[in-house]
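Trainee: 3D model of this:
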Amino acid sequence: MDIVGKFLMAPGQNVFLLIVADYFSKWIEAEALSKITDLQIRKFIWTHVITRFEVPEKIVTDNGPQFTSHNFKEFCKDWGIRFSFATPRHPQSNGQAESTNKIVVNMLLKKRLGSSQGNLAEELHGVLWAYQTTPKTSTQETPYALVHGAEVIIPTEMHVKTTVSGTTSQEENHELMSLSLDLLDEKREAARLRNWSYQQEVANTYNKKVKTITFQQGDWVLRRADKTTGRLTPGWEGPYKLIGVWGAGAYRLQDTKGSKSAKVRESSVSLAFGFSPIPAPSKSDSGFM
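Mentor: Modelled structure (predicted):
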């Protein structure tokens, strides 16, 4: 689940999108809102998720104040929903939301809205319809089919007859629908295996291009900044001297003044290339010539 915006003002003063995506089927629910509070998020989950599908097992979000509020945490606790955060240091844990946001926003802004970006709410439903009825590379199925058990008949097929919309009788259609529902579990299992296989292929392709860097005691490194105040704020701070290796990708650092830091993960450390500390002046160098 994630919040996207601000967009240009739309009718109803809607400038934000609240988006939730199912990890397996890639099904998306979204709503255009003027402002996003924890109350609106609770209403959204109740209206668009719980009453339409089922109580989700887990929700992954960022650390936005709407998601970290006491009321929202109590809402998840009351419904038995596990709740976890994706931190800036490990954004991969919310990769589904980031990927979905990129697709929806690109389709919405670049292909549908164009110069009339005030029609956010009106164009949203058409964008979601196009997304739900398009096969995904990872599963080779449409989100609509994985959720409802059968492929959707798009409006074009009502005018240009196909084998599905033009040649079957009502009785045959009922039989095909019943067969599709009977085979739904097998279809979902096959999609799950294809999704797993696709993720392995992507990971293997990515790992071939990754160069492994081994940190050793005594190396000078940079540490990822805990907080940034804007786009121009440096994302790394340091340099630090690596003074301890704790195994499993954890290190202990020391700054140039000798202060020790807490343990940090390997993903938050980068080599400080070309850095060499300036040696402290000796007593013999402190006199005048």
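
Trainee: I'd like the next helix or strand past the helix or strand containing V4.
Mentor: Assigned by DSSP states H and E, V4 belongs to strand 2-10. Moving toward the C-terminus from strand 2-10, the next helix or strand (DSSP H and E) is strand 14-21.

Trainee: quick one: contacts for R52?
Mentor: E29 (CB atoms under 8 Å, 6 or more residues apart in numbering). No exception for glycine: its C-beta is placed from N, CA and C like everyone else's.

Trainee: okay, it: pLDDT?
Mentor: pLDDT for R52: 88.

Trainee: also the one 10 residues further on?
Mentor: At D62, the model reports a pLDDT of 78.

Trainee: now it, what are its backbone angles?
Mentor: phi -90, psi -170 (degrees, to the nearest 10).

Trainee: follow-up on the earlier one: the strand holding V4 pairs with which strands?
Mentor: Looking at strand 2-10 with DSSP bridges, its partner strands are strand 14-21 (antiparallel).

Trainee: what mean pLDDT would you report for the helix or strand that the strand it pairs with is followed by?
Mentor: The first helix or strand that comes after strand 14-21 along the chain, using DSSP H and E, is strand 28-33. For strand 28-33, mean pLDDT is 86.

Trainee: and strand 28-33, how far out from the chain middle?
Mentor: 15 Å (CA atoms, centre = their mean, to the nearest Å).

Trainee: got the buried residues for stretch 182-201?
Mentor: Across stretch 182-201, burial judged by 16 or more other CB atoms under 10 Å covers L184, K187, R188, A191, R194, N195.

Trainee: what lies in contact with that stretch?
Mentor: Identification of contacts with stretch 182-201 by CB under 8 Å, 6+ apart yields F24, T137, S138, T139, Q140, E141, A145, L146, G149.

Trainee: what is the burial count for W27?
Mentor: The local packing of W27 (other CB atoms under 10 Å) involves 20 other residues.

Trainee: quick check: closest non-adjacent residue to it.
Mentor: For W27, ignoring the flanking residues on the chain, the nearest one in space by CB to CB, 6 or more residues apart in numbering is P143 at 4.2 Å.

Trainee: how many neighbours does the one you found have?
Mentor: 22.

Trainee: one more: R265?
Mentor: Other residues close to R265 by other CB under 10 Å number 13.

Trainee: can you pull up the bridge partners for it?
Mentor: With DSSP bridges applied, R265 shows beta-bridge pairing to A250.

Trainee: next one: P234 from A191, what distance?
Mentor: 43 Å (CB to CB, to the nearest Å).

Trainee: same question but for T47, I mixed them up
Mentor: Here the criterion is CB to CB. By it, T47 lies 27 Å from A191.
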